[in-house]
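Asks: Task: produce atomic coordinates for the following.
(chains A, B, C and D)
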Amino acid sequence: MPLDKNLIAKRISQELKDGFYVNLGIGIPTLIANYVPENINVEFQSENGVLGMGPFPIKGSEDPDLINAGKQTITTLPGASFFDSAMSFSMIRGKHVDLTVLGAMEVSEKGDISNWKIPGKLVKGMGGAMDLVASSDNIIVAMMHVNKKGESKLLKKCKLPITGLRCVKKIVTEIAVIDIINEEFHLKEIAPGVSVDYVISSTEGKLNVPEFVPTMKF
Amino acid sequence: MPLDKNLIAKRISQELKDGFYVNLGIGIPTLIANYVPENINVEFQSENGVLGMGPFPIKGSEDPDLINAGKQTITTLPGASFFDSAMSFSMIRGKHVDLTVLGAMEVSEKGDISNWKIPGKLVKGMGGAMDLVASSDNIIVAMMHVNKKGESKLLKKCKLPITGLRCVKKIVTEIAVIDIINEEFHLKEIAPGVSVDYVISSTEGKLNVPEFVPTMKF
Amino acid sequence: MINKKVSSVTKALEGISNGMTLMIGGFGLCGIPENSILELARSGIKNLVCISNNAGVDDFGLGLLLKNKQIHTMIASYVGENAEFERQMLSGELKVILTPQGTLAEKCRAAQAGIPAFYTPAGYGTEVAKGKEVKIFDGKSYILEEAYKADFSIVKAWKGDESGNLIFKGTARNFNPMMCGAGNITIAEVESLVPIGQLDPNSIHIPGIFVDRIFQGTKFEKRIEQLTIRKK
Amino acid sequence: MINKKVSSVTKALEGISNGMTLMIGGFGLCGIPENSILELARSGIKNLVCISNNAGVDDFGLGLLLKNKQIHTMIASYVGENAEFERQMLSGELKVILTPQGTLAEKCRAAQAGIPAFYTPAGYGTEVAKGKEVKIFDGKSYILEEAYKADFSIVKAWKGDESGNLIFKGTARNFNPMMCGAGNITIAEVESLVPIGQLDPNSIHIPGIFVDRIFQGTKFEKRIEQLTIRKK
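Replies: Prediction:
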């Protein structure tokens, strides 16, 4: 059975390592904060100017001067700090953030990503995504494997305007974990109850499949 | 009679205008802070990271964490702020400082300045001078008119390595106030008891002398 | 002390006229100069070029100026929460220059700092890089981005003193500090304007040299865009 | 909380070896990482390239490393107060790259910020511009300066917490903040190492993400270079 958004987030949380500074994009990535393994310490950075984000506030304690990049009210943990947008992107561009997780409309087998614009139709803007993907050495995409029309989002070549070139290292979808190695997709894990053939048929780009594909564990 | 250092500083203090942010170099320029006219407000910036410098401390109240760019112990006035060197030079390079006064070894009639190096002999370094002269629109040089050998320091062309090109607007020496306009020296004032001929003979670069040269007033 | 205090938002905004370029602080609705934006909306000044990370929502923040069609060109990184914005953009009524958020921040900071241009990896290989110089450093490609030019910067701070020193609060800091001194004239509206000497010199985020006019806003609504709470 | 605390200066400096490039904070003797410099002097590590605004005085600060001939190349803006420095430089024993102070600061900040290069007017038309690209913006000439690369940054702060957050005091701030995160590994020595949560998140000058190791110095002499007092 394909994963729901929470399980995608939970699977990605297994990629967190002790001492990581992590930037989580809007949507599924935000949920990862709920699944940090207990034995490790990580800190969450939000590009609007906070390091050391905590959980959402309890009702009545929300502060309009305290939000994340998704404009949601947040809290901070002890040891947090605030800074301006220039310093925030110093952290990002300067490769001080260890892991970036973001959503995508398309990813190519080369690791190109598109997530900011559908020409003539939808223009949200790139926000901080172009800076993040251009700088981070460790980028995981969290997304659905196919779009609403049932078309694969893991492509030979991105059709939508590019956000960044050759930057995505790993994709976690509702059906699979796929690494990008030497500009090719490599199937690493499948969701419980999902067949390898289904993943292959849902992936437009060339997918390398090993003899044995382990099932995701939670 | 030629001015002493304090009178040079006092004469330059007449160039201060209400609301000016001022950067004073090491040496004579530092003395200008003692002669701010009472009816105007100015703030002194020091490139090592302080705005709103006050007078030197009284004995016993000096703080090793509070110095000016000349490494002298200082105090701050109400409204002062501290910042890092990058922000300090944002103020300078970004043209937020209204007046810069610094010393020089040589100034050319084009407004070129040399004040950081005597090849093979003396190398102090440029410190912040190159940033200051490259950015400020309002640069006054405070210096002696001739060097220890009696040679003019106001030259057709600088002989020593340049600190900056076409940047000096005004020179105040122990004998004269000279403006640089359209790449030529213009005699504006003479020190009390100093003859125009003496200023002319002490100036190597072409000096434009008006019919009447006023004497400096204090 | 150099006094930057002005008595009202109207006086603070003096000199802003049709066709000017404004930098406006804030991220979403957080840390925006509310009082100044309301006054701009009342003023009817038109054909503005606005540099701001977002464009507000339909009925608050820069969305108010969009609704009035006061904005000719919008330079921003993200416009996802504003339907009117998207409509004007897709119809061609509004010119939009989308810019990566970090590049936007750095272009403001460059203007403040007298850096005319810098290289960044953000946007290389994308539409954003069109017409821009590319240069390789250590085997990686970067594009050349130039500092913004603006007539006015309008920012919002938490506390300020009469000499223009500013302290921001929480994530309401965002783009406000870098915009100070980045435009020719910088206007700061503050929640609390305190007498000189009351701010700790060590804790000032923006020294007064970057600020030309400062006033205390009469009202701050501080609207929350996405109230998100957890169950206790 | 990510813990950056190390127990001693010796542990803090682990991994520094012959031939490395170090960025070292401070302006004159103000805000220098005294404990780290003393340990480097004891260590005998040689052939260092040091990036620091000044080079200390003959018997304190980086002057100690100069006297021991541990420094191969010095990158600084001003060396006026150090006779041994001047002697080694004029005799050719020491390689010196003099850099305008603002450019030095910005090259550190660029390294911290992932900006590989930027344009500055400082040094145009001088020796400093030799071999550097020149570009004209709005009729004015600028030179291209690249970010520094360093193996270690060593800075000194007033207060710090165990997650590496730093607060500096007075003009002891100077070059320290921009050097954090500019080298591959950043070491911060602090006068006072406080438990997590004791620093105001709004007043932190350098967030811990830019710091890899932090320790409390055992002794700070804080020597004054030019004691200047006024008569009351």
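Asks: Which pLDDT value goes with the residue at the greatest distance from the centre of chain A?
Replies: In terms of distance from the mean C-alpha position of chain A, residue A:60 ranks first, at 30.4 Å (Cα atoms, centre = their mean). Residue A:60 is assigned 94 on the pLDDT scale.
Asks: Could you list the low-pLDDT ranges of chain C?
Replies: C:232 (pLDDT under 70).
Asks: Show me what the lowest-mean-pLDDT helix or strand in chain A is in contact with.
Replies: One helix or strand of chain A scores below all others by mean pLDDT, DSSP states H and E: strand A:122-123, with a mean of 79. With contacts defined as Cβ atoms under 8 Å, 6 or more residues apart in numbering or on different chains, strand A:122-123 is touched by A:116, A:117, C:79, C:86, C:89, C:90, C:96, C:98. Using the backbone N, CA and C atoms, a C-beta is placed for each residue, glycine as well.
Asks: and what of stretch C:117-134?
Replies: For stretch C:117-134, contacts defined as Cβ under 8 Å, 6+ apart pick out A:93, A:117, A:126, A:130-131, A:134-135, A:161-165, C:98-100, C:102-103, C:106, C:110, C:135, C:137, C:140-147, D:110, D:114-119, D:135, D:137, D:142.
Asks: Next, find the distance separating the residue farthest from the centre of chain A from chain C.
Replies: Counting by Cβ to the nearest Cβ, to the nearest Å, the gap from residue A:60 to chain C is 8 Å.
Asks: before we move on, what about residue A:25?
Replies: Per Cβ to the nearest Cβ, residue A:25 is found 12 Å from chain C.
Asks: What sits closest to that residue if chain neighbours are left out?
Replies: Nearest residue to residue A:25, sequence neighbours excluded (Cβ to Cβ, 6 or more residues apart in numbering or on different chains): residue A:102, at 3.3 Å.
Asks: and the angle for whichever helix in chain C runs longest with helix D:101-113?
Replies: Scanning chain C for the longest helix, with DSSP state H as the assignment, gives helix C:101-113. Relative orientation of helix C:101-113 and helix D:101-113, computed by axes from the mean of the first three to the mean of the last three Cα atoms, to 10 degrees: 170 degrees.
Asks: now for helix C:101-113, which elements pack on it?
Replies: helix A:85-93, helix A:129-135, helix B:85-93, strand C:117-120, strand C:140-146, helix C:176-179 (3 or more Cβ pairs under 8 Å, 6 or more residues apart in numbering or on different chains; DSSP states H and E).
Asks: Which residues of chain C lie near chain B?
Replies: Applying Cβ under 8 Å from any Cβ of the partner chain, we find that chain C lies next to chain B at C:1-3, C:109, C:111-115, C:161-163, C:165, C:181, C:196-197, C:201-202, C:204, C:207-210.
Asks: distance of the nearest residue to residue A:94 once chain neighbours are set aside from residue C:138?
Replies: Residue nearest to residue A:94 in three dimensions, not counting chain neighbours: residue D:114, with 3.8 Å by Cβ to Cβ, 6+ apart. As for residue D:114, its distance to residue C:138 is 12 Å (criterion: Cβ to Cβ, to the nearest Å).
Asks: what about the strands in chain C?
Replies: Secondary structure of chain C by DSSP state E: the strands cover C:21-24, C:48-51, C:71-76, C:95-98, C:117-120, C:134-137, C:140-146, C:152-161, C:166-167, C:185-194, C:213-216.
Asks: So which of those is nearest residue C:226?
Replies: When the strands of chain C are compared by Cβ to Cβ, strand C:71-76 sits nearest residue C:226, at 18.1 Å.
Asks: coming back round to it: quick check: angle from the longest helix of chain C to strand C:71-76?
Replies: 110 degrees.
Asks: coming back round to it: neighbour count winner among residue D:114 and residue C:138?
Replies: Shown here are residue D:114 and residue C:138; by other Cβ atoms under 10 Å in any protein chain shown, residue D:114 has more neighbours (26 against 8).
Asks: Verify the stated contact: the more buried one with residue A:88.
Replies: No - contact criterion Cβ atoms under 8 Å: residue D:114 and residue A:88 do not qualify, at 11.9 Å.
Asks: Mind telling me which residue of chain C is nearest chain A?
Replies: residue C:102 (3.1 Å; Cβ to the nearest Cβ).
Asks: Can you give me every residue that contacts that residue?
Replies: Residue C:102 neighbours (Cβ under 8 Å, 6+ apart): A:47, A:85, A:88, A:89, A:92, A:93, A:128, A:130, A:131, C:120, C:122.
Asks: Now list the buried members of those.
Replies: With burial judged by 16 or more other Cβ atoms under 10 Å in any protein chain shown, the buried subset of those is A:47, A:85, A:88, A:89, A:92, A:93, A:128, A:130, A:131, C:120, C:122.
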